[in-house]
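*Asks:* next come a sequence and a model predicted from it.
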Amino acid sequence: MEDLINLVEQYIEKHRLLPVRQLLVGVSGGADSMALLFVLKDIRDRKYPDMKILAAHVNHGIRKEAAEDEKLVGEYCDKLGIPLVTKHIDVPAIAEEKGISLETAGRIARYDFFRSAAGDSGVTAVAHHMEDQAESIAMHIFRGCGMEGLVGIRPRNGNVIHPFLCAHKKDILDFCKKMSIPFCNDVTNADITYDRNFWRNEIFPSIEKGTNRNPVAALTGLSERIYEENVYLDELAEEKLDQMIADTRDLSVPADELRALPPVIRRRALKLLAVWSFGNVVDLEACHWDAIMDLTEKSSGSSYIDLPGDRIAAREGGMIRFLFKESAFDGEKSGYVEGAGFVVPETMAEEEIALRDLPLGEKINFSQSFVSMRLRSIEKEAEVVYNDTTWIFPSTVLEHAVIRTRRQGDTICRAGNTCTKELRRFMNEVHILPRYRDRVLLVAEGQETLWLPAFGHAVGYTDALSEARYRETTLENESAGERTLYVLEFFGETADMKGDQVDGTDFGCDHQS
């Protein structure tokens, strides 16, 4: 008993894993996690009596024995006097929906639950041991990892600690037997269709048999030697990344600043940015990171990289960011977006309102969106206030103009300019982000864009300069009856669209629309 506890206690002290304010122990019901719960409780009781400890169990919805596992964990926690929180997650459904493996889906869902249960100030302990470490390193190598992948599982990774990395599986099993710790056997551990099981049950035994060398000892030794160098490089990358992020609410970094970093630091900074954005990037492989590195080679233009799990890496407006395709502020929401204009939900992108149908002086919404508009006639010129969301135009526009989003074939010829160009190209030139372009409201007659709020107009005016030009070139040629002017105003709350739904493109391809 004392041998394993002392070994773990020394490891915890070496890496300064404890104490913490609240410690959550992930407990599956297997020998490793049940032993970890026992050991950490013993250490807490002797050394850190003020530290709160609780257990967490996830039913993944995969095995029919899962209910028995949950019951066993509950009974053991009751015996130890440790509170238990549980959650049922349909991992197969998540894996199918996101197009990822059961292992990856389970791991992501599990750690999301652990983070939530532990709280902002809590730390989660999980029971990975030396064999797990060796298997992780081997899998990293064959995914095409760099130095950081050779470190494998770190003693501490954010708010997750691994106190058992100093222990062998056999020692843990012997400890359970000696201390009469109950545990369940997971029959899926023998299923070699799972990557980790394949390495554990097929590859490692073959290596040991063929070379007479222990692959676990070799790989864990490699990890320990690389660990300190890797920590130094990570700290350097984090320092550079902190300097580049101006606003922690917007986790985006200038591509040109990233490009100026040495590649080894740039790659680590990008990985750290991805972790801060997603929380977990274990399923990203070398091909993904290579493509993400390529994003930083340019500052102009927009480009997107599809990533596993409905995520993307994006270069937009010279900034690199990581986004979920679906988020709290998705394609169903609307409002004013800085650098894009007035955005409506995707479901309303095909709707339109005739300008002549707007009631004078009354503010109304565009369909069911949070974008509203008001049309009024100008009785006194002093009433006009110039801004990017106000457009003054002659009465001749009312008859055929509509308020809508862009359509294929739309064009624009800005007032004072003789060049007509595709609206698609114009939107690209003024740097409207591609994911908003089909949702931005405009005023058009046929396929001619009359006004794109905040960016340009073809008739009428929006400021003092364009008013002077309008009066000089237009009013001279109009009759008195045609000189009635109207003003159209758009309103909408400023929307925080960071990390919203994005139309991803094929992996590795640049895309402009």
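*Replies:* Perfect, thanks for sending it.
*Asks:* only C-alpha atoms from now on, for both contacts and neighbour counts.
*Replies:* Noted.
*Asks:* all strands for the stretch 301-450 of the chain, in order.
*Replies:* 303-307, 311-316, 319-324, 335-337, 341-343, 353-354, 363-365, 371-377, 390-394, 402-404, 411-412, 421-422, 442-445, 448-452 (DSSP state E, counting those that start in this stretch).
*Asks:* repeat for the stretch 151-300 of the chain
*Replies:* Using DSSP E, counting those that start in this stretch, strands in the stretch 151-300 of the chain cover 156-157, 160-161, 252-254.
*Asks:* what is the mean pLDDT for the second one?
*Replies:* Think strand 160-161. Across strand 160-161, the average pLDDT comes to 96.
*Asks:* what does the last one give?
*Replies:* Looking at strand 252-254 alone, the average pLDDT works out to 91.
*Asks:* which strands and helices sit next to that strand?
*Replies:* helix 215-244, strand 319-324 (3 or more CA pairs under 8 Å, 6 or more residues apart in numbering; DSSP states H and E).
*Asks:* cutoff 7 Å now
*Replies:* For strand 252-254, the packing partners by 3 or more CA pairs under 7 Å, 6 or more residues apart in numbering; DSSP states H and E come out as strand 319-324.
*Asks:* what about the stretch 151-300 of the chain, any weak spots by pLDDT?
*Replies:* Counting by pLDDT under 70, the stretch 151-300 of the chain contains low-confidence ranges at 247-249.
*Asks:* where along it do the helices fall?
*Replies:* 169-178, 195-198, 204-211, 215-244, 255-259, 263-278, 286-295 (DSSP state H, counting those that start in this stretch).
*Asks:* check the stretch 351-500 of the chain too.
*Replies:* Taking DSSP H, counting those that start in this stretch, the helices of the stretch 351-500 of the chain run over residues 423-429, 464-473.
*Asks:* where among the ones you listed is average confidence lowest?
*Replies:* Across these, helix 464-473 gives the lowest mean pLDDT, at a mean of 83.
*Asks:* orientation of it relative to strand 390-394 in degrees?
*Replies:* Between helix 464-473 and strand 390-394, the angle comes out at 0 degrees (axes from the mean of the first three to the mean of the last three CA atoms, to 10 degrees).
*Asks:* for residue 390, see how far away the spatially closest residue to residue 356 that is not a sequence neighbour is.
*Replies:* With sequence-adjacent residues excluded and distances taken as CA to CA, 6 or more residues apart in numbering, residue 356 is closest to residue 398, at 5.2 Å. Note on residue 398: its distance to residue 390, by CA to CA, to the nearest Å, is 16 Å.
*Asks:* between the strands of the stretch 151-300 of the chain, which one is nearest to residue 132?
*Replies:* With respect to residue 132, and counting by CA to CA, the nearest of the strands of the stretch 151-300 of the chain is strand 160-161 at 14.1 Å.
*Asks:* other SSEs contacting that closest one?
*Replies:* Other helices and strands packing on strand 160-161, by 3+ CA pairs under 7 Å, 6+ apart, are strand 122-125.
*Asks:* what's whichever helix or strand comes after the strand it packs on in contact with?
*Replies:* Moving toward the C-terminus from strand 122-125, the next helix or strand (DSSP states H and E) is helix 130-143. With contact meaning CA atoms under 7 Å, 6 or more residues apart in numbering, helix 130-143 is reached by 149-150, 152-153, 165-169, 196, 199-200, 216, 219-220, 285-286.
*Asks:* try 8 Å this time
*Replies:* Defining contact as CA atoms under 8 Å, 6 or more residues apart in numbering, one finds that helix 130-143 is touched by 149-153, 164-169, 195-196, 199-200, 215-217, 219-220, 223, 285-286.
*Asks:* related to what we said a few turns ago, just send the strands of the stretch 301-450 of the chain back as CSV, with distance to residue 44, mean neighbour count and mean pLDDT too.
*Replies:* CSV is the format used below for the strands of the stretch 301-450 of the chain (distance: least, CA to CA, whole Å; neighbours: other CA atoms under 10 Å; pLDDT from 0 to 100):
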stretch, distance to residue 44, mean neighbour count, mean pLDDT
strand 303-307, 41, 23, 89
strand 311-316, 40, 23, 89
strand 319-324, 39, 23, 89
strand 335-337, 51, 21, 84
strand 341-343, 54, 27, 90
strand 353-354, 67, 15, 94
strand 363-365, 60, 16, 90
strand 371-377, 56, 19, 91
strand 390-394, 65, 23, 93
strand 402-404, 64, 21, 96
strand 411-412, 70, 22, 96
strand 421-422, 69, 14, 92
strand 442-445, 64, 22, 96
strand 448-452, 64, 25, 96
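*Asks:* nearest to residue 210, out of the ones you listed?
*Replies:* strand 303-307 (37.9 Å).
*Asks:* report the distance from that closest one to the chain centre.
*Replies:* Remark: strand 303-307 is offset 12 Å from the chain centroid, using CA atoms, centre = their mean, to the nearest Å.
*Asks:* name the helices or strands packed onto that strand?
*Replies:* helix 286-295, strand 311-316.
*Asks:* angle of it against strand 311-316?
*Replies:* Using the same axes, to 10 degrees, one finds that strand 303-307 and strand 311-316 are set 170 degrees apart in direction.
*Asks:* got the angle for strand 303-307 vs strand 319-324?
*Replies:* Computed by the same axes, to 10 degrees, the angle separating strand 303-307 from strand 319-324 equals 30 degrees.
*Asks:* now residue 297: phi and psi?
*Replies:* With angles defined as degrees, to the nearest 10, residue 297 sits at phi -70, psi -10.
*Asks:* what sits closest to it if chain neighbours are left out?
*Replies:* Distance criterion CA to CA, 6+ apart; nearest residue to residue 297, sequence neighbours excluded, is residue 259 at 6.3 Å.
*Asks:* likewise for residue 393?
*Replies:* Nearest residue to residue 393, sequence neighbours excluded (CA to CA, 6+ apart): residue 460, at 4.1 Å.
*Asks:* count of neighbours near residue 414?
*Replies:* 19 (other CA atoms under 10 Å).
*Asks:* contacts only, for residue 37.
*Replies:* So residue 37 contacts 25, 27, 55 (CA under 8 Å, 6+ apart).
*Asks:* ok, now residue 374?
*Replies:* Contact analysis of residue 374 by CA under 8 Å, 6+ apart lists 358, 359, 360, 361, 362, 363, 364, 488, 489, 490.
*Asks:* could you do residue 186 as well?
*Replies:* Contacts of residue 186 by CA under 8 Å, 6+ apart are residue 30.
*Asks:* please tell me how far it sits from residue 64.
*Replies:* Distance from residue 186 to residue 64, counting by CA to CA: 11 Å.
*Asks:* same deal with residue 412?
*Replies:* Distance of residue 412 to residue 64, computed by CA to CA: 63 Å.
*Asks:* quick one on the thing from earlier: tabulate the strands of the stretch 301-450 of the chain (JSON lines), appending distance to residue 122.
*Replies:* Output for these, formatted as JSON lines (distance: least, CA to CA, whole Å):
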{"stretch": "strand 303-307", "distance to residue 122": "30"}
{"stretch": "strand 311-316", "distance to residue 122": "27"}
{"stretch": "strand 319-324", "distance to residue 122": "25"}
{"stretch": "strand 335-337", "distance to residue 122": "36"}
{"stretch": "strand 341-343", "distance to residue 122": "39"}
{"stretch": "strand 353-354", "distance to residue 122": "53"}
{"stretch": "strand 363-365", "distance to residue 122": "45"}
{"stretch": "strand 371-377", "distance to residue 122": "42"}
{"stretch": "strand 390-394", "distance to residue 122": "51"}
{"stretch": "strand 402-404", "distance to residue 122": "49"}
{"stretch": "strand 411-412", "distance to residue 122": "56"}
{"stretch": "strand 421-422", "distance to residue 122": "54"}
{"stretch": "strand 442-445", "distance to residue 122": "49"}
{"stretch": "strand 448-452", "distance to residue 122": "49"}
